[in-house]
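Peer 1: the sequence and its predicted three-dimensional model are supplied below.
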Amino acid sequence: MIMQSKIGVLNAMANTYTQIHIQAVFSVQSRECIIGKAWKDELYKYITGIIRSQKHKVLAINGMPDHLHIFFGMRPTQSLSGLMQDIKGDSSLWVNKNGFVKETFSWQEGYGAFSYSKSNVDNVIESLVSN
């Protein structure tokens, strides 16, 4: 947004500061327990790479054989739905390409997303890492 002042033109949005901390939760299609111990860490690294490539910051990632929790700092340059589409779509293709499961792997439609204040960040990280 540009504003006119008595001394000239001012850029009102010259610097943007945000603190957006999101925990996203999503499940394997039909809640099947097929995320294997042998490859889950590789999956987490791959998803971390997707998030970082979009300029967001992964704070914690963990899950169970049927679902994942990702806690990240989000930049306001992308919509949450767009990021989730990238994460779920790209990681599904990656799992299938690497043949980690016999059948076709996919994530269930939708996700849960919850925001947290800066004062809760450490507690959320600790909770995700310890479960």
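Peer 2: Yep, that arrived. Numbers count the residues shown, from 1 in each chain.

Peer 1: identify the single longest helix in this protein, thanks.
Peer 2: In terms of residue count, the longest helix belonging to the chain (DSSP state H) is helix 80-97.

Peer 1: just checking, what packs against that helix?
Peer 2: Here helix 80-97 touches strand 21-27, helix 40-53, going by 3 or more CB pairs under 8 Å, 6 or more residues apart in numbering; DSSP states H and E. No exception for glycine: its C-beta is placed from N, CA and C like everyone else's.

Peer 1: which secondary structure elements does the first one sit against?
Peer 2: Secondary structure elements in contact with strand 21-27, counted by 3+ CB pairs under 8 Å, 6+ apart, are strand 67-73, helix 80-97, strand 112-116, helix 121-130.

Peer 1: neighbouring contacts of stretch 20-28?
Peer 2: For stretch 20-28, the external contacting residues (CB atoms under 8 Å, 6 or more residues apart in numbering) are 34-35, 59, 65-76, 80, 84, 87-88, 105-108, 110-118, 120-121, 124, 128.

Peer 1: buried residues of that stretch, list them for me.
Peer 2: By neighbour count on 16 or more other CB atoms under 10 Å, the buried set for stretch 20-28 is 21-24, 26-28.

Peer 1: wait, which of the helices and strands packed on strand 21-27 is closest to residue 39?
Peer 2: Closest to residue 39 of the helices and strands packed on strand 21-27 is helix 80-97 (CB to CB; 8.0 Å).

Peer 1: what comes up buried for the closest one?
Peer 2: Burial within helix 80-97, assessed by neighbour count using 16+ other CB under 10 Å, is assigned to 83-84, 86-88, 91-92, 94-95.

Peer 1: make a markdown table out of the helices and strands packed on strand 21-27 and add mean pLDDT and distance to residue 49.
Peer 2: Formatted as a markdown table, the helices and strands packed on strand 21-27 follow (pLDDT from 0 to 100; distance: least, CB to CB, whole Å):
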| stretch | mean pLDDT | distance to residue 49 |
| --- | --- | --- |
| strand 67-73 | 98 | 12 |
| helix 80-97 | 98 | 9 |
| strand 112-116 | 98 | 20 |
| helix 121-130 | 95 | 19 |
